[in-house]
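[1] Let me see the structure of the following:
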Amino acid sequence: MRISANGITINADVRGQAEPALVFLHYWGGSSRTWDGVIRRLDGNRRTVAIDFRGWGDSDKPATGYRIEELASDVTAVLAELKLSRFILVGHSMGAKVAQFLASKRPAGLVGLVLVATGSPRGVKVPEQQLQQMIHAYDSAASAAFVRDNVLTKLPLSDELKAQVVEDSLKSCEASRVAWPTVAIAQDIAKETASIAVPTLVIGGELDPVDPPAMMEKEVMSTIRTARLEVIQGSGHLLPLEAAGEVSTLINSFVEKLQ
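    Predicted coordinates:
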């Protein structure tokens, strides 16, 4: 589904009918299909909306607009177009930081928040050597595969999912690839996220070197007072792909308790 938002077109995969809807936001390097394995395992005819952020997947790829608040504004435009009466934001990594910011604005209809391998709400200063590595992480299929195997995952992926990770990493533009490590990751939104009032589920990967559970305990749980943390054993950063079954089970339970 193609949706106009802030002068560009955002691609969204929309399924099901039952509310509250689940609105899925992907990681830096991913796309709406990052969530396919999770969505297939959800209970019932759940309405799901998986969005390609600007610069990724099948959404438009403008040269600007990649700050956290701008990505959140695109999501807000999609929500308005779909006229969802009740929804839960589900974000992964970069998408989880966007979800935190959007939830802090307390949009009408928001009833819950799920943060998967979430980035910190506090500004993160990336050391120069690591910054350069991140900027060039998705320059080629070889570099994307190296990051997938040596940074992002701890559990094995199928050949199909391995290929998907590389394809999604490359289906982007330079502006979107560079903006997260150089701009968005450094944005401090902790003051905003402290105002989040809806029930919040935080899901971490035990062996995640990018956003480890210890960081979430220190920087996320202490900021979002409504949050509780669940840790998936043995998993790395790409939880929606590495542990789709466990993630969907936790989301199903979360939705059931909300209802």
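[2] so which strand or helix has residue 196?
    Assessed by DSSP states H and E, residue 196 sits outside every helix and strand.
[3] Please tell me how far it sits from residue 110.
    Distance of residue 196 to residue 110, given as C-beta to C-beta, to the nearest Å: 9 Å. Quick note: C-beta positions are derived from backbone N, CA and C, even for glycine.
[4] mind checking how far the residue nearest to residue 192 when sequence neighbours are not counted is from residue 87?
    Excluding its sequence neighbours, the residue lying closest to residue 192 (C-beta to C-beta, 6 or more residues apart in numbering) is residue 104, at 3.9 Å. Using C-beta to C-beta, we find residue 104 at a distance of 15 Å from residue 87.
[5] follow-up on the earlier one: who touches both of residue 196 and residue 110?
    residue 103 (C-beta atoms under 8 Å, 6 or more residues apart in numbering).
[6] What about the nearest residue to residue 63 once chain neighbours are set aside, how many residues nearby?
    Among residues not flanking residue 63 along the chain, residue 175 sits closest, at 5.0 Å (C-beta to C-beta, 6+ apart). Residues lying near residue 175 (other C-beta atoms under 10 Å) number 15.
[7] for the one 10 residues further on, same thing?
    Per other C-beta under 10 Å, the neighbour tally for residue 185 reads 20.
[8] follow-up on the earlier one: for residue 187, see how far away the residue nearest to residue 192 is.
    Residue 104 is 13 Å from residue 187, by C-beta to C-beta.
[9] Of these two, give the one with the bigger neighbour count.
    The residue with more neighbours, out of residue 104 and residue 187, is residue 104; 22 against 18, by other C-beta under 10 Å.
[10] That one reaches residue 198, doesn't it?
    No: the criterion here is C-beta atoms under 8 Å, and residue 104 misses it with residue 198 at 10.2 Å.
[11] coming back round to it: local confidence estimate at the residue nearest to residue 63?
    With respect to pLDDT, residue 175 scores 97.
[12] Helix, strand or coil: sort out it for me.
    helix (DSSP: H, G, I helix; E, B strand; the rest coil).
[13] Now do the same contact list for it.
    Counted by C-beta under 8 Å, 6+ apart, residue 175 has contacts 55, 61, 62, 63, 64, 66.
[14] Counting neighbours, which of these comes out on top?
    Neighbour max across these (other C-beta under 10 Å) = residue 55, 26 neighbours.
[15] Need the nearest residue in space to that residue, chain neighbours excluded.
    Counting by C-beta to C-beta, 6+ apart, residue 55 lies nearest to residue 176, which is 2.6 Å off, once chain neighbours are set aside.
[16] my guess is the one you found meets residue 63, correct?
    No: contact status for residue 176 versus residue 63: not in contact, 9.6 Å apart, counting by C-beta under 8 Å.
[17] Tell me which stretches of the stretch 101-250 of the chain form helices.
    128-135, 141-147, 159-170, 174-182, 190-193, 213-215, 239-242, 244-258 (DSSP state H, counting those that start in this stretch).
[18] Ok, which of the ones you listed comes nearest residue 23?
    Proximity to residue 23 (C-beta to C-beta) singles out helix 244-258 among the helices of the stretch 101-250 of the chain, at 12.0 Å.
[19] Please report phi then psi for residue 48.
    Backbone torsions of residue 48, given as degrees, to the nearest 10, read phi -130, psi 140.
[20] Same check on the one 10 residues further on?
    Residue 58 adopts backbone torsions of phi -100, psi 10, taken as degrees, to the nearest 10.
[21] Excluding covalently adjacent residues, which one is nearest to it?
    Nearest non-adjacent residue to residue 58, counting by C-beta to C-beta, 6+ apart: residue 11, 3.9 Å away.
[22] pretty sure the one you found contacts residue 52?
    Yes: using C-beta under 8 Å, residue 11 is in contact with residue 52, at 4.3 Å.
[23] Comparing these two, which residue is more hemmed in?
    In this view residue 11 and residue 52 are compared by other C-beta under 10 Å, and residue 52 has more residues nearby, 26 against 20.
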